[in-house]
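In: Would you be able to build a 3D model of this:
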Amino acid sequence: MFQAKRRVLAGVVMGAALAVLGSGCASSKAAKVDESWLARVPEDQLGDVRAAQSERRKAQDEVTRADVAHKDAERALQVAKRNADASRLRKEANEAALEAAQSTGQRADIERAQAELMNSETGVTAAQAQVKWREQSIEALQANKELRERELAVVDARLNQAEYKALKKSGDVRAEELSEADFSSALADAQRRVEESRKKVDSQSREEQQARAQYERLRTQAQGYGGSGVPVEE
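Out: Numbers count the residues shown, from 1 in each chain. Here you go, the predicted model:
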């Protein structure tokens with residue numbers, strides 16, 4: 001008897017959950033006006049809609065710029081990795097040169113090989129720091145891209161809301177089938193996600209700045225030792 005009641009209760013809870021999910025999806029879908037409906041709205045009543053459309057074009061442009069910057073950073077990372085590989089090979093060659101010099105017993109040759117090896121070791125350290133910085137840069141730019149995409153979502157929500165208000169103001173009865181609360185809720189949700197992304201951008205940017213500062217310090221140190229093949233960033 002108890003198990004039967006428990007199954008019934010579980011069914012009720014699951015049904016309620018599905019109802020909530022279903023209503024959420026319906027609200028999200030409902031918070032949008034069929035743009036063909038706006039064709040009969042007088043142009044002089046579409047001022048807010050036109051302003052929102054202009055804002056959307058700018059927001060889309062920011063998304064595109066963020067995407068390009070992210071792809072540029074990915075290419076820069078590949079260059080940094082090749083620099084790191086070259087630095088490692090140079091170090092291995094200098095290690096072999098030192099062994100060869102030691103086999104001759106000539107002090108001058110040995111000291112020169114030791115100096116070159118030390119230079120290549122600092123170069124490897126700087127190159128590895130460069131790779132880490134580039135990786136952090138990609139993380140920061142990915143977070144920025146997500147922010148721009150979420151800002152675009154906010155603009156879309158504002159545009160949808162402006163279209164709804166214009167439709168309603170024009171006296172179109174189809175606006176009565178829509179809920180103003182759904183449009184407001186969609187906008188609030190989009191704005192909340194933007195704030196979450198901004199916090200992530202701030203955190204990732206700090207880590208990227210720290211990684212770059214570490215790379216700059218090691219690069220300067222390596223160049224001070226006269227290191228050859230140290231990666232240089234413009």
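In: Next one: residue 52 from residue 152, what distance?
Out: Distance of residue 52 to residue 152, computed by CB to CB, to the nearest Å: 12 Å. (C-beta placed from N, C-alpha, C; glycine too.)
In: Any stretches of this protein with poor pLDDT?
Out: 1-30, 225-234 (pLDDT under 70).
In: Spatially central residue for the chain, please.
Out: residue 142 (1.7 Å; CA atoms, centre = their mean).
In: which helices and strands does the helix ranked longest in the chain pack with?
Out: Using DSSP state H to define each element, the chain has its longest helix at helix 107-169. Applying 3 or more CB pairs under 8 Å, 6 or more residues apart in numbering; DSSP states H and E, we find helix 107-169 packed against helix 47-104, helix 180-224.
In: what angle separates the shortest one from helix 47-104?
Out: What it means is helix 180-224. Interaxial angle, helix 180-224 versus helix 47-104 (axes from the mean of the first three to the mean of the last three CA atoms, to 10 degrees): 20 degrees.
In: Run the angle between helix 180-224 and helix 107-169 for me.
Out: Per the same axes, to 10 degrees, the angle that helix 180-224 makes with helix 107-169 is 170 degrees.
In: Also the first one?
Out: The directions of helix 47-104 and helix 107-169 differ by 170 degrees, with the same axes, to 10 degrees as the criterion.
In: Now do the same contact list for the residue nearest to the centre of the chain.
Out: Contact analysis of residue 142 by CB atoms under 8 Å, 6 or more residues apart in numbering lists 70, 204.
In: if I look at it, how far off is residue 215?
Out: 19 Å.
In: Residue 49 against residue 35, yeah?
Out: No: under the criterion of CB atoms under 8 Å, residue 49 makes no contact with residue 35, lying 9.6 Å away.
In: Between the two, tell me which one has more neighbours.
Out: Neighbours were counted for residue 49 and for residue 35 using other CB atoms under 10 Å; residue 49 has more, 24 against 11.
In: Find the residue closest to the more buried one in space, skipping its chain neighbours.
Out: Nearest non-adjacent residue to residue 49, counting by CB to CB, 6 or more residues apart in numbering: residue 162, 4.7 Å away.
In: got it, and residue 91?
Out: residue 120 (4.1 Å).
In: The one you found contacts residue 90, correct?
Out: Yes: Residue 120 sits in contact with residue 90 when judged by CB under 8 Å, with a separation of 4.8 Å.
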